[in-house]
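> Sequence first, then the predicted structure:
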Amino acid sequence: MSTPQVAITPELDAWLRETRRYLHMHPELSLEETNTARFVAGHLRELGIPHRTGVGGDGRPLHLPPELLAAAGITPKPTTGGNGVVALIEGGRPGKTLLLRADMDALPIEEQNDVPYRSQRPGVMHACGHDAHTTILLGVAEVLNSLKAHLPGRVKLMFQPAEEGPAGALAMIHDGVLDDPPVDAALALHVDPSHRAGEIAVSGGPSTAAADTFTITVRGFGGHAARPQAAVDPIVIAAQLVVALQTLVSREIDPLKPAVVTVGRLTAGTTDNVIPNEATLEGTVRTYDAAVRDHLERRIGELARGLAQAMRAEANVIYLRGYPPLYNDPALAALVQEVGRELLGPEHVYERAPIMAAEDFAYIAERVPACMFSLGVANPERGIRYPVHHPRFDLDEDALVVGVRVMATAALRWLEAHAQDN
């Protein structure tokens, strides 16, 4: 049986733009997405799609030991009863189950865009495009629900909280999102301002990196800045440690295996004429290879403690493992490429190189064949060119329809290929 055509009416197009703007104006941080979840559930109810709320929560206690969380000053929230929403579209023919996922949380960033739909919450912004992800999946839900009589199998819709750090995907897995019915494969998208609206990028294999964090506290001996010989200056030690950490990648890691060690924050002192007792470095480690990840975790601790000791200080190291690497299933990636070429033209479908950013959709991909593709959202002529996590990030809303068409068509194509009555 041929795949039904995905038709986007002018009314749905307008609704997508209006919805994305509403969500953009009302962003919510990780584990606080109550209004967004309520909005999602309300629209699913209007569509008559069965769903359940209160799914998932804080996933960090599921992959990090409590003593390590306590040492890092993290008080996790419950792993269940959170803001996740799971819906199920039951097809009219037998087949398999495909999961479609969108994340819902925003970032603690003050928006700098002067637009009518600017964030109305000070210090909170949808700077990673999750407002678009949620909107697109709601649009896909409407399209697929209208075709459910022809649908082989079923589509599970996963509206996920807490992607920006607290591992909301892992919490939803723990809460059964991949069960009842069991999920056979999964598909997601992410906005990509390195490509124009109307373009997509996807490749099989490595896609996003593992992301770990570390905090190093260097404890010296404070004193008057005019008498450094009577003190043990933790700032000098911390500065040398920032440089020394870079040699772990440049001199200890195979250059053919990507790795990043970045110190993003160094804090110390209260004024210019006092040597403080402590200096604190905070950073991130990005890897793909498990052995490289293990090596860097061990060596960061050894280097920090050894360097501090050599300079008459001590260092305390807290290393937190974050999301695993995301690998796209080659067959699913090829399917998305095929759909993209048909809908958008071959010239608008690109190979996507691996990046060192992280994504907790990787937890899904560890358990079932999965693929995340990039949805172009840039429009340089209109000034829409800033990267995600930037206070001036925005997107060309023409991309919303593109996302719905590609995701819905890819879902239909996959379900048809796995129909049990073929």
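Received it, and whenever you're ready, just let me know what you need.
> quick one: A102 from T135, how far?
8 Å (CB to CB, to the nearest Å). In short, each C-beta sits where N, CA and C put it, glycine included.
> pLDDT weak spots in the chain?
Counting by pLDDT under 70, the chain has low-confidence residues at 1-2, 421-422.
> So for it, the centremost residue is which one?
By CA atoms, centre = their mean, the chain has its centre lying nearest to E359, at 3.6 Å.
> what's near enough to touch the nearest residue to that one once chain neighbours are set aside?
The shortest distance from E359 to any residue other than its chain neighbours is 4.4 Å, reached at T208 (CB to CB, 6 or more residues apart in numbering). Counting by CB atoms under 8 Å, 6 or more residues apart in numbering, T208 touches 323, 325-326, 354-359, 362, 372.
> the strands in the stretch 51-200 of the chain, which residues?
For the stretch 51-200 of the chain, the strands defined by DSSP state E, counting those that start in this stretch cover 51-55, 84-90, 93-103, 152-160, 185-196, 200-201.
> highest average neighbour count across those strands?
Looking across these with neighbours counted as mean count of other CB atoms under 10 Å, the highest average goes to strand 152-160: a mean of 25.
> relative to strand 84-90, how tilted is that strand?
Per axes from the mean of the first three to the mean of the last three CA atoms, to 10 degrees, the angle that strand 152-160 makes with strand 84-90 is 170 degrees.
> Format the strands of the stretch 51-200 of the chain as a markdown table; extra columns: distance to S30.
Output for the strands of the stretch 51-200 of the chain, formatted as a markdown table (distance: least, CB to CB, whole Å):
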| stretch | distance to S30 |
| --- | --- |
| strand 51-55 | 15 |
| strand 84-90 | 12 |
| strand 93-103 | 9 |
| strand 152-160 | 10 |
| strand 185-196 | 16 |
| strand 200-201 | 26 |
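> nearest to G383, of these?
Closest of the strands of the stretch 51-200 of the chain to G383 is strand 185-196, at 11.5 Å (criterion: CB to CB).
> Which neighbours in the sheet does the closest one have, and how are they oriented?
Partners of strand 185-196 in the sheet, by DSSP bridges, are strand 93-103 (parallel), strand 370-378 (parallel).
> Show me which positions of stretch 213-230 end up buried.
Going by neighbour count (16 or more other CB atoms under 10 Å), the buried part of stretch 213-230 is 213-220, 222-223.
> go on, stretch 166-179?
For stretch 166-179, the neighbour count (16+ other CB under 10 Å) marks 166-175, 177-178 as buried.
> what sits up against that stretch?
30-31, 55-60, 62-63, 76-77, 79-80, 82, 84, 86, 99, 101, 103, 105, 156, 158, 160-163, 183, 322-323, 360-364, 367-368.
> out of the residues you listed, which are inside helices?
Among the contacts of stretch 166-179, the members falling in helices (DSSP state H) are 362-364.
> mind checking how far A71 is from P234?
19 Å.
> what about those two, which has more around it?
Counted by other CB atoms under 10 Å, A71 and P234 do not tie: P234 has more neighbours, with 28 against 14.
> Show me how far stretch 19-34 is from its chain's centre.
Its chain's C-alpha centre and that of stretch 19-34 lie 15 Å apart, by CA atoms, centre = their mean, to the nearest Å.
> how much does the helix or strand where R405 lies deviate in direction from strand 84-90?
Using DSSP states H and E, R405 sits in helix 398-417. Orientation check (the same axes, to 10 degrees): helix 398-417 against strand 84-90 gives 50 degrees.
> isn't I200 right up against G376?
Yes - with contact defined as CB atoms under 8 Å, I200 reaches G376; the gap is 6.3 Å.
> anything in contact with each of these two?
Both I200 and G376 are in contact with 348, 402, where contact means CB under 8 Å, 6+ apart.
> How much space separates A310 from A244?
With CB to CB as the criterion, A310 and A244 are 11 Å apart.
> more crowded one of these two?
More crowded of A310 and A244, by other CB under 10 Å: A244, with 14 against 10.
> Spell out the secondary structure type for that one.
What DSSP: H, G, I helix; E, B strand; the rest coil gives for A244 is helix.
> That one: what's it in contact with?
Contacts of A244 by CB under 8 Å, 6+ apart are 303, 307.
> from the contacts of T208, which is closest to L343?
Out of those, the member with the shortest distance to L343 (by CB to CB) is M372, at 18.0 Å.
> and that closest one, how many neighbours?
Around M372 there are 24 residues (other CB under 10 Å).
> is it true that it touches F361?
Yes - M372 is within contact range of F361, at 5.4 Å (criterion: CB under 8 Å).
> so what sits against both of the two?
Contact criterion CB under 8 Å, 6+ apart; residues shared by M372 and F361: 188, 326.
> What residues are recorded as beta-bridge partners of the residue nearest to E359?
Listed by DSSP bridges, the beta-bridge partners for T208 are L326.
> That one and Q160, how far apart?
Remark: distance between T208 and Q160 (CB to CB) = 16 Å.
> And E342, by the same measure?
Look at E342 and Q160: by CB to CB, they are 29 Å apart.
> just P10 next, same as before
From P10 to Q160 the distance is 30 Å (CB to CB).
> still on that earlier bit, which among the buried residues of stretch 166-179 gets closest to A268?
Looking across the buried residues of stretch 166-179 and measuring by CB to CB, the closest to A268 is P166, at 28.1 Å.
> Tell me where the stretch 101-250 of the chain has helices.
130-146, 168-174, 234-252 (DSSP state H, counting those that start in this stretch).
> Of the strands paired with strand 185-196, which is nearest A410?
strand 370-378 (8.3 Å).
> Dump the closest one to CSV, keeping only the CA atoms.
What follows is strand 370-378 as a C-alpha-only set of coordinates in CSV (Å, rounded to 0.1, in the frame of the first residue of the first chain):
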residue,chain,number,x,y,z
ALA,A,370,16.7,5.8,16.6
CYS,A,371,17.5,8.8,14.5
MET,A,372,17.6,12.5,15.1
PHE,A,373,17.7,14.8,12.0
SER,A,374,18.6,18.5,11.8
LEU,A,375,15.9,20.9,10.6
GLY,A,376,17.2,24.1,9.0
VAL,A,377,15.8,27.3,10.5
ALA,A,378,18.1,30.0,9.4
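> Between helix 130-146 and that strand, find me the angle.
Strand 370-378 and helix 130-146 meet at an angle of 120 degrees, taking the same axes, to 10 degrees as the criterion.
> in strand 370-378, what counts as buried?
Neighbour-count burial for strand 370-378, with 16+ other CB under 10 Å as criterion, is recorded at 370-378.
> Pretty sure M125 sits against H390.
No - the pair formed by M125 and H390 falls short of the contact definition of CB under 8 Å, at 9.6 Å.
> what sits in contact with each of the two?
Both M125 and H390 are in contact with I109, where contact means CB under 8 Å, 6+ apart.
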